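Novice: how would this look folded up:
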Amino acid sequence: MPKNKFDIIIWGASGFTGKWVAKHMYDTYKDTDLKWAIAGRNEDKLKSVLSFIGSDAEDVPCLIADSKDEDSLRELAAKTSVILTTVGPYAYYGSELVKVCAETGTHYCDLTGEVPWMRRMIDQYQEVAKKSGARIVFSCGFDSIPSDMGVHFLQQHAKAAFGKPVSDITLYVVKMKGGASGGTIHSLLNVIEEAKQDESVAKLLNNPYSLNPNPDFEGPDMPDLTDAQYDDRLKKWTAPFVMAGINTRIVRRTNALLDFSYGEAFRYKETQVMGRGLKAKLGAKSMSAGVKALWVMASKDLSLSFLKKFVLPKQGQGPKVDPEDPGFYVLHLVGTTDDDSTLTAVVKGDSDPGYGSTSKMLSEAAICLSDWEKSLDIGGGCWTPASAMGDILLNRLRENAGLTFDIQ
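Specialist: Numbering: from 1, shown residues only. A predicted model of the protein is given here:
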């Protein structure tokens, strides 16, 4: 087949999040000339995805490949300008695909929140992708588009309002309703297992700048919050946000890739708002203890096996979907300049962050990268959402992904 028979191939379309990506693509772009296909290992499962996304979706092409068969992945890459992948944990199933895309000049985006794996892929394929022209963009779901694009949006308004970027931003998770898919949870467990087995991985996870082009960069940020804290600005209790360890590093990488347009002394952190009073304080402390307990349990073989077998959703599974109650999230990003001027951005998503909003964000990121969009003026390499796609993605998120970005 000729190169670019398709604009986008959805790899892993038969998984829980993958089928929602396919549904968003079908619902939003079925009456356009966007050429896309779904792909996976099992033809029968792919056919069932067609039934899920629409009664008249039988003409959507289904392609077969294997994540561990490099030749089949090369055949897949030869047919498209972008491969969008939902197949995780990426440390198990994603490395060969990144290699193939980097070598063939095929653009790539994913949902990963696996910091050690991203670091390995950056080290191995940054120069390869630059040479081929492949744009490799990690973390294009709830990890980490709302954070990365929210900071991008706030800094644009700060420069217009103050003539300079804010030097400090705190992202507050104000409200959120949704659940995590089995793939997301197993990716997190995989990171914990890696840290248990390899001291260098544990060190990497503790480094605030571990995804910077130069991971030895020394800036003002400290490791992510691990305990309940009273926030003097909000006059409310806050708790650790489980996604902060991913999002903060993506935001800092963006800053570095943009020649430190936020400033070399830029500080960024994320936390979850619990509220006021004793109940909120206890809730914050309970959440903090729960996060620590998960890490302890996941680092022990027996308890990890128990979690996987009896407690946590399996890979391919996800939360119950209620069309009448699709979930949502509200994030506040509070920026402060060195002279104490402040600006607040509000980011809202109209559906479950773990699959509904994520599937739409990933789809729109893939379209930004594709030959169908043809609007990005960047070369190859390992990028972040904001550094690669900026305002082009921001506009698509507003128009087609149910996100809003506003200055309060």
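Novice: so who does the residue of the chain most remote from its centre touch?
Specialist: Relative to the average C-alpha location in the chain, and by C-alpha atoms, centre = their mean, no residue lies farther out than residue 278, which sits at 33.7 Å. If you count contacts by C-beta atoms under 8 Å, 6 or more residues apart in numbering, residue 278 has none. Every C-beta, even on glycine, is put in place using the N, C-alpha and C of the backbone.
Novice: Make sure it is indeed in a helix.
Specialist: Yes - with DSSP: H, G, I helix; E, B strand; the rest coil as the criterion, residue 278 is located in a helix.
Novice: how close does it sit to residue 230?
Specialist: Between residue 278 and residue 230 the distance, using C-beta to C-beta, to the nearest Å, works out to 12 Å.
Novice: the domain parsing of this protein - what is it?
Specialist: Under the assignment named as automatic domain parsing, the residue ranges that make up the domains of the chain are 6-141+355-401, 145-349.
Novice: Now do the shortest one: distance to the chain's middle.
Specialist: When you say that, I think you mean domain 6-141+355-401. Taking the mean of its C-alpha atoms, domain 6-141+355-401 sits 12 Å from the chain's own mean (C-alpha atoms, centre = their mean, to the nearest Å).
Novice: Quick check: what element follows the helix-or-strand element of the chain with minimal mean pLDDT along the chain?
Specialist: Per-element confidence for the chain was summarised using mean pLDDT, DSSP states H and E. The lowest value among helices and strands belongs to helix 301-306, with a mean of 66. Using DSSP states H and E, the next helix or strand after helix 301-306 towards the C-terminus is strand 328-336.
Novice: what's that following strand packed up against?
Specialist: For strand 328-336, the packing partners by 3 or more C-beta pairs under 8 Å, 6 or more residues apart in numbering; DSSP states H and E come out as helix 145-162, strand 168-177, strand 342-349.
Novice: List the pairing partners of the second one within its sheet, with orientation.
Specialist: Sheet pairing here is set by DSSP bridges, and for strand 168-177 it gives strand 267-275 (parallel), strand 328-336 (antiparallel).
Novice: Touching the last one from outside, list them.
Specialist: It refers to strand 328-336. Strand 328-336 is touched from outside by 142, 146-147, 150-151, 154-155, 158, 166-178, 233, 342-353, 357, 408, with contacts defined as C-beta under 8 Å, 6+ apart.
Novice: Strands of the stretch 101-250 of the chain, residue ranges please.
Specialist: Chain-ordered strands for the stretch 101-250 of the chain, with DSSP state E, counting those that start in this stretch as the definition, fall at 107-109, 135-137, 168-177, 229-231, 236-239.
Novice: Run through who's touching the third one.
Specialist: Strand 168-177 is touched from outside by 147, 150-151, 154, 231, 233-234, 238, 241, 247, 266-273, 327-336, 352-353, with contacts defined as C-beta under 8 Å, 6+ apart.
Novice: what residue ranges in the stretch 1-150 of the chain score low on pLDDT?
Specialist: Per-residue confidence of the stretch 1-150 of the chain (counting by pLDDT under 70) places the weak regions at 1-3.
Novice: Now do the helices in it.
Specialist: Along the stretch 1-150 of the chain, the stretches classed as helices by DSSP state H, counting those that start in this stretch are 16-29, 43-53, 70-77, 90-93, 95-104, 115-132, 145-162.
Novice: Nearest to residue 195 among those would be which one?
Specialist: When those are ranked by proximity to residue 195, the top entry is helix 115-132, at 7.7 Å, counting by C-beta to C-beta.
Novice: ok, and for that closest one, which residues are buried?
Specialist: For helix 115-132, the buried set under the neighbour-count rule, 16 or more other C-beta atoms under 10 Å, comprises 115-122, 125-126, 128-130, 132.
Novice: wait, which of those is closest to residue 27?
Specialist: Taking the buried residues of helix 115-132 together and measuring to residue 27 by C-beta to C-beta, the closest member is residue 118, at 30.3 Å.
Novice: wait, doesn't residue 375 sit right on residue 367?
Specialist: No - with contacts counted by C-beta atoms under 8 Å, residue 375 stays clear of residue 367, the gap being 9.9 Å.
Novice: Who has more neighbours out of these two?
Specialist: A side-by-side neighbour count of residue 375 and residue 367, using other C-beta atoms under 10 Å, places residue 367 first with 26 against 12.
Novice: Does that one belong to a helix, a strand or coil?
Specialist: In the three-state summary, residue 367 is assigned as helix, counting by three-state DSSP.
Novice: Name the nearest residue to residue 166, sequence neighbours excluded.
Specialist: If the residues on either side of it in the chain are set aside, residue 166 comes closest to residue 335, at 3.3 Å by C-beta to C-beta, 6 or more residues apart in numbering.
Novice: Tell me what that neighbour is bridged to.
Specialist: Beta-bridge partners of residue 335, as defined by DSSP bridges: residue 169, residue 343.
Novice: what's the neighbour count on it?
Specialist: For residue 335, the number of neighbouring residues by other C-beta under 10 Å comes to 25.
Novice: now swap in the one 10 residues further on and tell me
Specialist: Other residues within reach of residue 345, judged by other C-beta under 10 Å, total 25.
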